[in-house]
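My questions are about this predicted structure, shown below with the sequence.
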Amino acid sequence: TLPQELAQGTSPVPYQPEYGLYRLPGESTSAFLLTSVFVPRGRQNLTAILTAQSEPDRYGELILFDVPVEDQVPGPRQVEALIEQDPIISQQFSLWRTGGSQVWTGHLHLIPVGKTLLYMEPVFLAAEEDAIPELRRFVVSDGHRVSMQETLEESVQALLMLALDSPLPSVLPVSMVGTQDPTILDTSDWPVEALALLERGEQALREGDFQAFGESLAELRALLETLSAGGRE
């Protein structure tokens with residue numbers, strides 16, 4: 001079934017399919033796609049992602065990515081609950097409301113980034129009931145951690161720092177990302193390599209290349225996981 005979200009209000013509404021320019025796993029180029037997500041009946045964890053091609057030579061082609069139930073990948077409502085429970089975000093929302101502003105959250109976007117799924121939600125403020133909402137913050141989440149900053153780039157960078165402090169397994173199921181051979185490091189220059197990957201990812205983020213950012217993030221995660229497992233010589 002379709003999941004629910006709290007976009008532009010406090011009552012759950014059906015999660016709306018969205019158009020976006022993405023590069024799917026196994027594809028060499030990005031494509032303009034219509035994407036919808038699904039959850040089990042009576043539950044809110046993600047179980048499937050359905051994409052529809054909009055490119056002229058593949059128009060209407062459907063691709064369904066199955067998410068194994070045992071992976072327990074968070075769905076939209078679970079991520080929104082994670083956002084609502086974050087003490088820093090909750091405190092900021094309370095301050096705005098105490099000051100007389102109305103806080104509106106926009107559509108929770110689901111963006112495939114490398115080997116992970118990135119949720120992004122814009123936050124709007126309206127000084128009066130009939131005032132035009134003003135975009136004030138961006139909230140991003142990988143399903144486990146949350147960050148809210150004034151710009152999307154700053155939010156993703158803050159989330160990346162949280163991920164480096166407390167690495168977790170990729171939330172994207174194996175059936176979507178494929179498998180890779182373990183990486184064995186044979187160099188002691190790992191700080192230089194880690195910094196280069198971080199800088200490359202930040203540059204891709206500034207250029208709006210989420211796929212390249214995701215690839216840099218995945219390489220950096222693999223490097224740190226190998227180091228933590230004793231793979232550095």
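Alright, I've got the coordinates.

what's the most centrally placed residue in the chain sitting at in phi/psi?
With distances taken as CA atoms, centre = their mean, residue 118 lies nearest the centre of the chain, 0.7 Å away. Here is the backbone geometry of residue 118 (degrees, to the nearest 10): phi -110, psi 120.

and the gap between it and residue 72?
Separation of residue 118 from residue 72 (CB to CB, to the nearest Å) stands at 18 Å. All C-beta spots, glycine's among them, are computed from the backbone N, C-alpha and C.

so how far is residue 94 from the residue nearest to the centre of the chain?
In terms of CB to CB, residue 118 sits 26 Å off from residue 94.

Same question for residue 25.
40 Å.

Neighbour count: the two, which is higher?
Ranked by neighbour count (other CB atoms under 10 Å), residue 25 and residue 94 place residue 25 first, with 14 against 11.

The more buried one in helix, strand or coil?
Classification of residue 25 using DSSP: H, G, I helix; E, B strand; the rest coil returns coil.

What's the per-residue pLDDT of it here?
Here the pLDDT value assigned to residue 25 is 72.

now swap in residue 109 and tell me
pLDDT for residue 109: 87.

tell me the contacts of it?
18, 20, 119-121 (CB atoms under 8 Å, 6 or more residues apart in numbering).

now swap in residue 23 and tell me
29-31, 112, 211.

Point out the least confident member of those, please.
Here the lowest pLDDT out of those sits on residue 211, with 68.

quick check: domain ranges of the chain?
The chain breaks down into these domains under automatic domain parsing: 4-166, 181-233.

least reliable of those domains going by mean pLDDT?
Minimum mean pLDDT among the domains of the chain: domain 181-233, a mean of 59.

I figured residue 127 hits residue 100, correct?
Yes: contact status for residue 127 versus residue 100: in contact at 7.0 Å, counting by CB atoms under 8 Å.

which one of those two has more residues nearby?
The neighbour comparison of residue 127 against residue 100 (other CB under 10 Å) goes to residue 127, with 12 against 8.

Give me the number of neighbouring residues for the closest residue to that one other than its chain neighbours.
Closest residue in space to residue 127, ignoring its immediate chain neighbours: residue 101 at 5.7 Å, by CB to CB, 6 or more residues apart in numbering. For residue 101, the count of nearby residues is 19 (other CB under 10 Å).

Dig out what residue 31 forms beta bridges with.
Beta-bridge pairing for residue 31 (DSSP bridges): residue 22.
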